[in-house]
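Student: I need the structure of the sequence given here:
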Amino acid sequence: MKKTITMIICMAAAASLVLVSCVRGSEYERLRAKELYEKSVSIQNAAERLPVFKDIVKISPGSEYGWFAKGILLKEEKKYRESIECFTKAVELKPDFTDAFRNRGSVEFSNDDYNGAVADFTITAGFMPDDSELYICRGDAYLKLYKYNEAAADYTKAIELDPRSAEGYNKRGLVKIILKSFKAAINDFGRAISINNSYAEAFNNRGYAWYMLGGYKNTLADCTTAVNLKPDYSDAYFNRGDAKSALADYRGAISDFNAVIRLKPDSAEAYNRRGYINYTIEKYIEAIADYSIAIDLKPRYTGAYYNRGDARDKTKDYAGAIADYSKVSELEPGDIFCYLNRGNIKEKINDFEGALSDFNRAIELKGDYEKSYFARGFLKYRIKDYNGAIADYSRIIELVPGSAEAYGNRGLVKAGLKDFEGAVADYSRSIELKPDDPRTYYDRGNARIKMDLKDEACSDFKKAAKLGWKTDTDIRKTCRM
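Tutor: Numbering: from 1, shown residues only. Take a look at the predicted model:
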């Protein structure tokens, strides 16, 4: 019996010795993994770090450093969900593992989990409050969440920590563009450029800000510098193309958009822009071709459908134009302009009922948009619904009391109803508002002739002629002009 007890004790002791040996071996491997991790931190080239991380995983896969290394390797493979899980294991084992929090935030950002990224970058900032790059990373996440003030604050903090952070100035400038503070944005981009005069992105962004302020020549200069620094920079060609178009250098603009298309053949926006330039120089067939490619690349691109509809209208392809505006109404049923444009085309082809229906729909959607009433009022005048036309022009006057055109058009309708006194009153008000419009003098002259006010009528006809209106032979004879 005693012998048996001794054997049990010896076995237990042996087991204990083996356990201690295992623990010591595991700790040794962990420490070795830690040494390799610390070594990896000093390696600048990301590709050269990867073999080190692979070694860490082999040596100590279950330690915080092993989980961290696996997270990095999975991140490189763009296996973001699995990578996040590994970093989470790492911080569970080592709650102050800042590098794991930071990398998890980076992967969350890449995986479009911007709230998660903000949370992890915030934790990291608690450990590393003086790291300017960290605030830039969190600012980027805030930017993706449309939290512009928070993003700007983080970029400002990065600049405070590192006054020579060209990236901080550039990104704060981008926020200012979004907030439409273009002059302040230009100042930030200028600071970025003064720190790094090879910063192509900052030149391009400043060029865009200048464009938004109408400084097209400045845009041209900045974007030219950007493409000289970075010849494959499609955004800079795009912005320079817009500037050239605004400066009526259409050939140059087309050349720039050709460059964008060469660099990014799937850029629907570039085809749409080039199409618009072709439209502007009255190359409607070429414009239609460009818009069609834009639509093929981006089938829900309402802007391209609009533009192609306009170009088809110019080529008298009214059925095609109607189809394009109808597609817009299908994609964006709350957009009033597709109904107005389609209504105008229907009116051209004498589909007055269809046109009226479209104008009515536009007004239903936005009852305070005066141009819808102009369109419907003119149509009602054409179909001799004079009272309806008067109501529409009166509504415009309610919305825009200073609209000379509304008074002039209402006067024309009143003249059609033989209310010449009312017509003269409206023409007179129109002239008060816009005294250099020859047509209104001519129309008032016609109304006064009907009222047997020859002297006043002739005075109006003479004024109209002086302003460039061509009067007929009978009037010239009557008024001795």
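
Student: Every contact and neighbour count from this point should use C-alpha atoms.
Tutor: Fine.

Student: Start and end of stretch 137-151, how far apart?
Tutor: Distance between the two ends of stretch 137-151: 9 Å, counting by CA to CA, to the nearest Å.

Student: Residues contacting it, please?
Tutor: Residues outside stretch 137-151 that contact it (CA atoms under 8 Å, 6 or more residues apart in numbering): 106, 109, 114-115, 117-118, 121-122, 152-155, 172, 175, 179.

Student: What residues of that stretch count as buried?
Tutor: Buried positions in stretch 137-151, judged by neighbour count with 16 or more other CA atoms under 10 Å: 137-145, 148, 150-151.

Student: Same question for stretch 39-57.
Tutor: With burial defined by 16+ other CA under 10 Å, the residues of stretch 39-57 counted as buried are 40, 49-50, 52-57.

Student: returning to that earlier point: which of the contacts of stretch 137-151 tops the neighbour count?
Tutor: Using other CA atoms under 10 Å as the neighbour test, these are led by Tyr155, with 30 neighbours.

Student: which ones are touching the closest residue to that one other than its chain neighbours?
Tutor: Excluding the flanking residues, the one nearest Tyr155 by CA to CA, 6 or more residues apart in numbering is Gly168, at 5.2 Å. Contact analysis of Gly168 by CA under 8 Å, 6+ apart lists 136, 155-156, 158-159, 192.

Student: If we use 7 Å, what do you get?
Tutor: Residues near Gly168 by CA atoms under 7 Å, 6 or more residues apart in numbering: 136, 155, 158-159.

Student: again, but for Tyr284
Tutor: By CA under 7 Å, 6+ apart, the contact set of Tyr284 is 278, 311, 315.

Student: Just the buried ones from these, in PyMOL syntax?
Tutor: Buried members of the contacts of Tyr284, defined by 16+ other CA under 10 Å, are picked up in PyMOL with:
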select buried, resi 278+311
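
Student: would you turn the contacts of Tyr284 into TSV with distance to Asp290, secondary structure and pLDDT?
Tutor: Formatted as TSV, those follow (distance: CA to CA, whole Å; DSSP: H, G, I helix; E, B strand; the rest coil; pLDDT from 0 to 100):
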residue	distance to Asp290	secondary structure	pLDDT
Asn278	9	helix	98
Ala311	11	helix	98
Thr315	15	coil	98
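
Student: now, which of the contacts of Tyr284 sits nearest Phe359?
Tutor: Using CA to CA, Ala311 is the member of these that lies nearest Phe359, at 21.1 Å.

Student: mean confidence for the helix or strand hosting Asp426?
Tutor: Take DSSP states H and E as the rule and Asp426 turns out to sit in helix 420-433. Helix 420-433 carries an average pLDDT of 97.

Student: Let me know the angle separating the next helix-or-strand element following it from helix 420-433.
Tutor: Going down the chain from helix 420-433, the next helix or strand is helix 438-450, by DSSP H and E. Here helix 438-450 runs at an angle of 150 degrees relative to helix 420-433 (axes from the mean of the first three to the mean of the last three CA atoms, to 10 degrees).

Student: Now do helix 438-450, average pLDDT.
Tutor: Averaging pLDDT along helix 438-450 gives 95.

Student: Quick one: name whatever helix or strand follows it.
Tutor: As assigned by DSSP H and E, the chain's next helix or strand after helix 438-450 is helix 454-466.

Student: so what pLDDT did the residue most central in space within the chain get?
Tutor: For the chain, the residue lying nearest the average C-alpha position, counting by CA atoms, centre = their mean, turns out to be Ile178 (9.3 Å). Looking at Ile178, its pLDDT is 98.

Student: same question, Arg476
Tutor: 83.

Student: how near is it to Ile281?
Tutor: For Arg476, the distance to Ile281 - CA to CA - is 40 Å.

Student: With neighbour numbers in mind, choose between these two.
Tutor: Between Arg476 and Ile281, counting by other CA under 10 Å, Arg476 is the more crowded of the two (15 against 12).

Student: re the thing from before, among the buried residues of stretch 137-151, which one sits closest to Asn228?
Tutor: When the buried residues of stretch 137-151 are compared for distance to Asn228 (CA to CA), Asp140 wins out at 27.2 Å.

Student: how near is the closest one to Asp113?
Tutor: Remark: distance between Asp140 and Asp113 (CA to CA) = 12 Å.

Student: rewinding a little: how about the buried residues of stretch 137-151 in JSON lines, adding secondary structure and distance to Phe420?
Tutor: Below are these laid out as JSON lines (DSSP: H, G, I helix; E, B strand; the rest coil; distance: CA to CA, whole Å):
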{"residue": "Cys137", "secondary structure": "helix", "distance to Phe420": "71"}
{"residue": "Arg138", "secondary structure": "helix", "distance to Phe420": "70"}
{"residue": "Gly139", "secondary structure": "helix", "distance to Phe420": "67"}
{"residue": "Asp140", "secondary structure": "helix", "distance to Phe420": "66"}
{"residue": "Ala141", "secondary structure": "helix", "distance to Phe420": "67"}
{"residue": "Tyr142", "secondary structure": "helix", "distance to Phe420": "64"}
{"residue": "Leu143", "secondary structure": "helix", "distance to Phe420": "62"}
{"residue": "Lys144", "secondary structure": "helix", "distance to Phe420": "62"}
{"residue": "Leu145", "secondary structure": "coil", "distance to Phe420": "61"}
{"residue": "Tyr148", "secondary structure": "helix", "distance to Phe420": "59"}
{"residue": "Glu150", "secondary structure": "helix", "distance to Phe420": "63"}
{"residue": "Ala151", "secondary structure": "helix", "distance to Phe420": "64"}
